[in-house]
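Trainee: need a structure here:
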Amino acid sequence: MIPQRVYLRGFLSYRDEQEVRFDGSSWWMLSGLNGSGKSSVFDAVTYALFGHHRGGRVEAHELINKDSTGAVAKVAANATWHTDHTNQERPPKFTMLYAVAVPDKGGGTSVCNTRAAYESLPSEWRERITGMKTENTLISSARMKTGNPDIVRAQQEAKVPPTVQPLVRTHPETGTKAIWFHKGKTERIIGMSPEETQRFLEELLEVAVKPEFVYTHQYRVGDMFIIDDRASLHKAGFDYDHSQHRMLYRILVRGDRPV
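Mentor: Prediction:
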């Protein structure tokens, strides 16, 4: 049975046919397979959010750790904290990850609640980053040596100017502020060089990201993990046997212009 509406207000689990809510979360997890082995959760969520099932207008992108040649697309040093598609004027407000194939161990997705991280920053750090703007591209020039060659090639051929975004954004629904950037796509913070920017963002992460703000989801086939991109950063785990297959479907819900 497909519910008519899903309220994204906490952590939802269908593993044991129970629903558990923790209001104020920046992420949610749903899981479940129907009798045919297909994902009832994937159908339910896409129907509730978009009003139709797979085969309609919903696009699910496959996330696999390979480039167009079949080689490993990332190195561990390039799997960094980020929010999705900051190079777009209207980045996603939700990222939904649905597990199709998972390794025996590792390969989870970590999420950091950057609203809580921002609120916990020392006052001098909050003052320091207030008003900062980032310029965003497909990939920072400072990271091209370790980047996916397909993305590097696309950036080198791109004709569009960088997209300017706030380093601290305000959630359009709650009015709360959160640290918000994609380290791999940030070409520079205005007033800094690309190399200075990468060092600054790494320093900011070291100060802001604390264990109490981070959750790592270890997938089982059929899990759907939903992230509020407006109040969090996430990253993929590189800690698995790469002879095994890891494939996720990703659905992105277009958001508003960040402010």
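Trainee: Strands of the stretch 101-250 of the chain, start to end?
Mentor: Secondary structure of the stretch 101-250 of the chain (DSSP state E, counting those that start in this stretch): strands located at 109-113, 133-136, 163-166, 168-170, 177-179, 186-189, 214-217, 223-228, 232-236, 247-254.
Trainee: Give the pairing partners of the third one; include direction for each.
Mentor: Yep, that's strand 163-166 we're talking about. For strand 163-166, the paired strands and their directions (DSSP bridges) read strand 133-136 (antiparallel).
Trainee: Can you pull out the residues in contact with the partner strand?
Mentor: In this structure, residues lying in contact with strand 133-136 by C-beta atoms under 8 Å, 6 or more residues apart in numbering are 86-87, 162-167, 181-182, 185-190, 197. Bear in mind the C-beta positions are built from the backbone N, C-alpha and C, glycine included.
Trainee: Buried among the residues you listed? Make that a ChimeraX selection.
Mentor: Here is the ChimeraX command that selects only those of the contacts of strand 133-136 that count as buried (16 or more other C-beta atoms under 10 Å):
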select :86,87,162,163,165,166,167,181,182,185,186,187,188,189,197
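Trainee: Report pLDDT for L138.
Mentor: For L138, the model assigns a pLDDT of 78.
Trainee: Test for you: state the pLDDT assigned to the residue nearest to it when sequence neighbours are not counted.
Mentor: Using C-beta to C-beta, 6 or more residues apart in numbering and skipping the chain neighbours, the partner closest in space to L138 is Q155 (4.1 Å). Looking at Q155, its pLDDT stands at 71.
Trainee: try G107
Mentor: According to the predicted model, the pLDDT of G107 comes to 91.
Trainee: Likewise for S123?
Mentor: Confidence per residue is given as pLDDT, and for S123 that number is 96.
Trainee: Kindly report the same for the one 4 residues further on.
Mentor: At E127, the predicted lDDT confidence score is 97.
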